[in-house]
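sequence below, structure please.
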Amino acid sequence: MLIPFIVLILFVFLCLCLYLHDRSVLSSCAAELAGKGAAEKYRSEKELEEWLRGQAPGLAGGKLLCLRETQAAVKVTKQRIIVSYTGQTSLLGGLKAKEEEQAIRLNPTKRLRSIRELKNIQSGKPSGLRN
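Reported below is the predicted structural model:
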């Protein structure tokens with residue numbers, strides 16, 4: 001009676017470990033893809049969204065241990081990039097996972113100019129002059 005119970009506990013523990021591994025893989029893939037998209041600051045939203053959708057399946061492929069039927073969704077706006085992965089497995093009654101990460105699209109040139117302008121305003125210098 002004790003041996004089957006121990007085997008059951010070990011099986012459940014193994015399944016949960018594989019599930020948690022796959023969730024962390026999906027989360028890191030979503031974060032990586034959102035970061036890649038944020039680095040592409042000069043592409044249009046539509047072009048960037050198509051590029052990220054092309055990159056998404058290959059990023060998580062081959063890294064998952066128990067989740068199947070993974071789907072990737074990408075949404076790109078002027079300010080943000082949102083990437084989500086979903087997957088499911090038939091183990092333990094059908095576990096599902098959805099991981100979503102987002103990144104902010106920044107224009108470094110515009111940001112640096114606005115910071116310099118703020119510093120000039122604080123120091124009392126006219127905004128047209130350079131240091």
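
the top helix by length along the chain packs against which elements?
When the chain is scanned for its longest helix (criterion: DSSP state H), the result is helix 2-39. In terms of contacts (3 or more CB pairs under 8 Å, 6 or more residues apart in numbering; DSSP states H and E), helix 2-39 is packed against helix 45-60, strand 68-76, strand 80-88, strand 96-104. C-betas here are computed from N, CA, C, even on glycine.

packed most tightly, which of these would that be?
Across the helices and strands packed on helix 2-39, averaging neighbours per residue (mean count of other CB atoms under 10 Å) puts strand 80-88 on top, at a mean of 20.

now that strand: mean pLDDT?
pLDDT averaged over strand 80-88 equals 94, rounded to a whole number.

chain center to that strand, what's the gap?
Using CA atoms, centre = their mean, to the nearest Å, the mean C-alpha position of strand 80-88 is found 7 Å from that of the whole chain.

got the angle for it vs strand 68-76?
Orientation check (axes from the mean of the first three to the mean of the last three CA atoms, to 10 degrees): strand 80-88 against strand 68-76 gives 170 degrees.

just want the angle from strand 80-88 to helix 45-60.
Using the same axes, to 10 degrees, one finds that strand 80-88 and helix 45-60 are set 40 degrees apart in direction.
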